[in-house]
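Q: What follows is a predicted structure for the sequence shown.
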Amino acid sequence: MIRTVPPADETLWASLPVPALLIGPGGLIEAVNPAAEVFLNHSARSMAGAPVDERLFIDAPLDEAFARVRASRAAVFLNDVHVGTGEKAPVQCNVQIGPLADDPGRLLLMIEARDIADRLGRAQSVKRAAKSAIGMSEMLAHEIKNPLAGITGAAQLLSMGLKGDDLELTELIVAESRRIVKLLEQVEQFGNLRPPECRAVNVHDVLDRARRSAAVGFAAHMHIREDYDPSLPPAWADRDQLLQVFLNLLKNAAEAAGPGGGTLHLRTFYDHALRLRDGDGPGHALPLQVEIIDDGPGLPPDLAADVFEPFVSGRENGTGLGLALVSKIISDHAGWIAVESVPGRTVFRVSLPRVPKDTATDRESG
Ligand SMILES: Nc1ncnc2c1ncn2[C@@H]1O[C@H](COP(=O)(O)OP(=O)(O)OP(=O)(O)O)[C@@H](O)[C@H]1O
Ligand SMILES: [Mg+2]
């Protein structure tokens, strides 16, 4: 029996359904709960007293994470890391490390195994469904535009001899037809999206450009705040497509805020622990983080799970293609986009790769 967990907490510790380890100040394992014994396939007795990095193999700098938790006295999350034990094959997990409330030198490390098959399977099927929906829509878009041009032209001709209510009706036909054309053009944008031409891109320059056009256009009623990490290295990205991503995100935030306005917060930072797994390999790093944060009403709860899918919109005149395009562009960059939203705070986070090592001497674009 391990005595480092106070007896009063022992039932709680033993009942915790999540694998958890208590780490002492020197990085030694002090306690291992039963869920972790099962998960790691080792008894608590055999692990207690051992340095954590000898028993637990995590493809993230644990020492640094521990130091960060101790210094900030706040929890650190390592997402999509692989956790193994040497004998046990690594499993993709989210790891959370937090300080003990009454003794911040000691840390609680919790492991949440991700259901990879489910997660990747779902992402794949969503992507496939989106792809086929878009493919079909593109075809339709093309087919509808021609007859629509005919309808618009006929309505315009008709309107010449009309007055009053009748004229209003033909104007309605023209206006609505234009709206449909605009929608179709957006659908076609998907088809025309070329593969990204990646170069070393200064993310702050692109954000700046997006901010400037937002400030004089759709976000003129918003307050814009920047919080940039000046040491952020260049991203490996297509500058124009990245600009489109930031503009779409800013536009959504400005539209969600409504005419009363609000604050748009642009934030960048580096997170070396973030990796995206591809296939069976160790995955690739996506350390550059760009967050577009707003203080608006948040995603409509009934849409929150599907906002990246095409034609999902909570706005009266929305086509629901803005975020689908964002998601397509980011996935073409082998990047990652995530959203967290509660009323008053919505965070869209874009994670991007660095410039590959062998091209690090490339001139920065633009
Ligand atoms: N920052 C945000 N705050 C609140 N809701 C948002 C935010 N961003 C997106 N949404 C919701 O997600 C929906 C989908 O966004 P998306 O950009 O894909 O489509 P849209 O803005 O409705 O139309 P489009 O961009 O094609 O003109 C929006 O309609 C809105 O309901
Ligand atoms: Mg939009």
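A: Noted; the coordinates are in hand. Ligands and ions are numbered 1, 2, ... in the order given.
Q: and the closest residue to R209 other than its chain neighbours, how many residues sit next to it?
A: Once flanking residues are discounted, R209 sits nearest to L243: 6.0 Å by C-beta to C-beta, 6 or more residues apart in numbering. Glycine gets a C-beta too; all of them are placed from N, C-alpha and C. Here the number of neighbours of L243 (other C-beta atoms under 10 Å) works out to 19.
Q: which stretch of helix or strand covers L243?
A: Under the criterion of DSSP states H and E, L243 resides in helix 239-257.
Q: near ligand 2 at all, that helix?
A: Yes - for helix 239-257 and ligand 2, the contact criterion (C-beta under 5 Å from the ion) is met by N252.
Q: Packing partners of that helix?
A: Packing partners of helix 239-257 (3 or more C-beta pairs under 8 Å, 6 or more residues apart in numbering; DSSP states H and E): strand 199-201, helix 203-216, strand 263-270, strand 288-294, helix 322-332, strand 345-352.
Q: Does E309 lie in a helix or a strand, and which?
A: Using DSSP H and E, E309 falls outside every helix and strand.
Q: Double-check that C93 belongs to a strand.
A: Yes - counting by DSSP: H, G, I helix; E, B strand; the rest coil, C93 is found in a strand.
Q: hey, what's it bridged with?
A: Counting by DSSP bridges, C93 is bridged to V81, A113.
Q: so it touches M110, yeah?
A: No - with contacts counted by C-beta atoms under 8 Å, C93 stays clear of M110, the gap being 9.7 Å.
Q: Looking at these two, which is more packed in?
A: Each of C93 and M110 has its neighbours counted (other C-beta under 10 Å); C93 has more, 22 against 19.
Q: For that one, which residues are in contact?
A: Taking C-beta atoms under 8 Å, 6 or more residues apart in numbering as the contact definition, C93 lies against 80-83, 111-114.
Q: Could you report the neighbour count for V326?
A: What V326 shows, counting by other C-beta under 10 Å, is a neighbour count of 23.
Q: what does the model give R363 for pLDDT?
A: Looking at R363, its pLDDT is 52.
Q: hmm, I was thinking of L321
A: On the pLDDT scale, L321 gets 89.
Q: Let me know which of the helices and strands packed on helix 239-257 is the nearest to M139.
A: When the helices and strands packed on helix 239-257 are compared by C-beta to C-beta, helix 322-332 sits nearest M139, at 16.8 Å.
Q: Now find how far off-centre that closest one is within its chain.
A: 11 Å (C-alpha atoms, centre = their mean, to the nearest Å).
Q: And that helix, what does it pack against?
A: Counting contacts by 3+ C-beta pairs under 8 Å, 6+ apart, helix 322-332 packs against helix 116-159, helix 164-192, helix 239-257, strand 336-342.
Q: what about F269, distance to ligand 1?
A: With the distance defined as C-beta to the nearest ligand atom, to the nearest Å, F269 ends up 20 Å from ligand 1.
Q: looking at it, that residue is touching D229, isn't it?
A: Yes - contact criterion C-beta under 8 Å: F269 and D229 qualify, at 4.7 Å.
Q: Close to ligand 2: what parts of the protein are there?
A: So far as C-beta under 5 Å from the ion goes, the chain lies against ligand 2 at 252, 322.
Q: If you average pLDDT per helix and strand, which one of the chain comes out bottom?
A: helix 116-159 (a mean of 70; mean pLDDT, DSSP states H and E).
Q: Could I get the contacting residues of L107?
A: Residues in contact with L107 (C-beta under 8 Å, 6+ apart) are 22-23, 66, 69-70, 97-100.
Q: can you check F246 too?
A: 206-207, 210, 290, 292.
Q: just the residues you listed now: which is nearest ligand 1?
A: I292 (7.7 Å; C-beta to the nearest ligand atom).
Q: Who does that closest one form a beta bridge with?
A: According to DSSP bridges, beta-bridge pairing links I292 with L266, F348.
Q: Would you confirm that it contacts N248?
A: No - in this structure I292 lies outside contact range of N248 using C-beta under 8 Å: 9.7 Å.
Q: more neighbours, these two?
A: When I292 and N248 are compared for neighbours, I292 comes out ahead with 23 against 20, by other C-beta under 10 Å.
Q: who's in contact with the residue nearest to L78 when sequence neighbours are not counted?
A: Closest residue to L78 apart from its sequence neighbours, by C-beta to C-beta, 6+ apart: V95 at 4.3 Å. V95 is in contact with 58, 60, 77-78, 81, 83, 109-112, counting by C-beta under 8 Å, 6+ apart.
Q: change it to 6 Å
A: By C-beta atoms under 6 Å, 6 or more residues apart in numbering, the contact list for V95 reads 78, 81, 111.
Q: Can you name the residue of the stretch 251-366 of the chain nearest ligand 2?
A: Nearest residue of the stretch 251-366 of the chain to ligand 2: G322, at 2.6 Å (C-beta to the ion).
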